[in-house]
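Asker: Fold the following and give me the result.
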Amino acid sequence: MRAIVSQAPNEAAILTEIDPPRLDTDGEVLIQVTHSSVNYKDGSTVLGRPGFVRSWPLTLGIDIVGTVTESNSAAFSPGDHVTLNGAGAGETRSGGYAEYATAPAAALVKVPDSLTSAQAAAFGTAGFTAALAVLAIEDHGLQPGDGDILVTGAAGGVGSLAIALLARRGYTVTGSTGRIAEAQDYLTALGAAQVIDRQTLSEPTKAPLQEQRWAGVVDGVGSHTLANSLAQTRYGGIAVAYGLAQGPDLPSTVLPFILRAVTLRGANSVYAPLPLRQRAWELLDTELDLNSLDLMSSSISMAEVLELAPRILAGEIRGRTIVDVTR
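Answerer: From the prediction side, this is the model:
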């Protein structure tokens, strides 16, 4: 079968032919893959960047969408339409950039009947992560009308989907991006009430406490951007961190947490338990306007993934990129 494979540490992946995987573990499911997607983490692994892949050779692709062909689990049967986001795919076990993949039943979710395979892949890990962030904000008790929600990295996959979901739920959303000229109309169409330049947040922190602006934050940037966002979060607010495009450091202090009772929470798509996965997918299925999903999505072949990887790391890709594995 065709697959994009990382063959050794620090080496760029290649599109090649390998033997299809086989089921050899209880609770595993074999999937004929039709679609995947390109996420920031995929760009890193395709280019051979360290930090994610932990065994070689390995088929990449952290999203899997397809049809079950064999199952060692009572929870799934041949013919089931399923998806997997994260859960070690493309890092420690075979991923979605291949015509077949195995996956643990404990991390699989049945694709809602209302969605096509391409739409499920458009959601992918980005949509799943965005849904986790929105659920965290709602579980914290923030309601529409409680104040503005800041979304950093707004033009990226998670940012785009977070804006669409939050706006659909009635929240007032501000998007932060470094591409205002090209992204302003796009983000407004997704539901952003305003768009600000990321440079207003990305410089070294001026003070650990700044003017209170945000009731909540969805951050995919980290470093100074997250530090400034925390410093501007209102009393009792919450910041949900999911990424580190600017860096993994957090040059801040404990003052936002002590003096303003701010909560910092992570959104992790890899180790999320099945009930939370199902809850996130229910949110995506019932709340996100598919017209918004189409607005932010484009489709490529597996071969084109290799060309796209450096561009997604450079922040040049807007929204979601679907990988049609059958092409």
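
Asker: Let's see whatever helix or strand Ala126 lives in as PDB, backbone CA atoms only.
Answerer: Assigned by DSSP states H and E, Ala126 belongs to helix 117-139. This file holds the C-alpha atoms of helix 117-139, laid out as PDB (Å, rounded to 0.1, in the frame of the first residue of the first chain):
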ATOM      1  CA  SER A 117     -15.500  11.300   5.300                       C
ATOM      2  CA  ALA A 118     -14.000  14.600   3.900                       C
ATOM      3  CA  GLN A 119     -16.000  16.700   6.400                       C
ATOM      4  CA  ALA A 120     -14.900  14.400   9.300                       C
ATOM      5  CA  ALA A 121     -11.300  14.900   8.200                       C
ATOM      6  CA  ALA A 122     -11.800  18.600   7.900                       C
ATOM      7  CA  PHE A 123     -12.700  18.600  11.500                       C
ATOM      8  CA  GLY A 124      -9.900  16.200  12.400                       C
ATOM      9  CA  THR A 125      -7.600  16.900  15.300                       C
ATOM     10  CA  ALA A 126      -8.000  20.600  14.800                       C
ATOM     11  CA  GLY A 127     -11.700  20.500  15.200                       C
ATOM     12  CA  PHE A 128     -11.400  18.000  18.100                       C
ATOM     13  CA  THR A 129      -9.000  20.300  19.900                       C
ATOM     14  CA  ALA A 130     -11.100  23.400  19.200                       C
ATOM     15  CA  ALA A 131     -14.100  21.500  20.600                       C
ATOM     16  CA  LEU A 132     -12.100  20.500  23.700                       C
ATOM     17  CA  ALA A 133     -11.300  24.200  24.300                       C
ATOM     18  CA  VAL A 134     -14.900  25.300  23.900                       C
ATOM     19  CA  LEU A 135     -16.000  22.600  26.300                       C
ATOM     20  CA  ALA A 136     -13.400  23.700  28.800                       C
ATOM     21  CA  ILE A 137     -14.600  27.300  28.600                       C
ATOM     22  CA  GLU A 138     -18.200  26.300  29.100                       C
ATOM     23  CA  ASP A 139     -17.400  23.900  31.900                       C
END
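
Asker: can you pull the buried residues of it?
Answerer: By neighbour count on 16 or more other Cβ atoms under 10 Å, the buried set for helix 117-139 is 117-138. Where C-beta positions appear, they are placed from N, C-alpha and C, glycine not excepted.

Asker: next one: stretch 186-199
Answerer: Tyr186, Leu187, Leu190, Gly191, Ala192, Val195, Ile196, Arg198.

Asker: Fine by me, thanks again.
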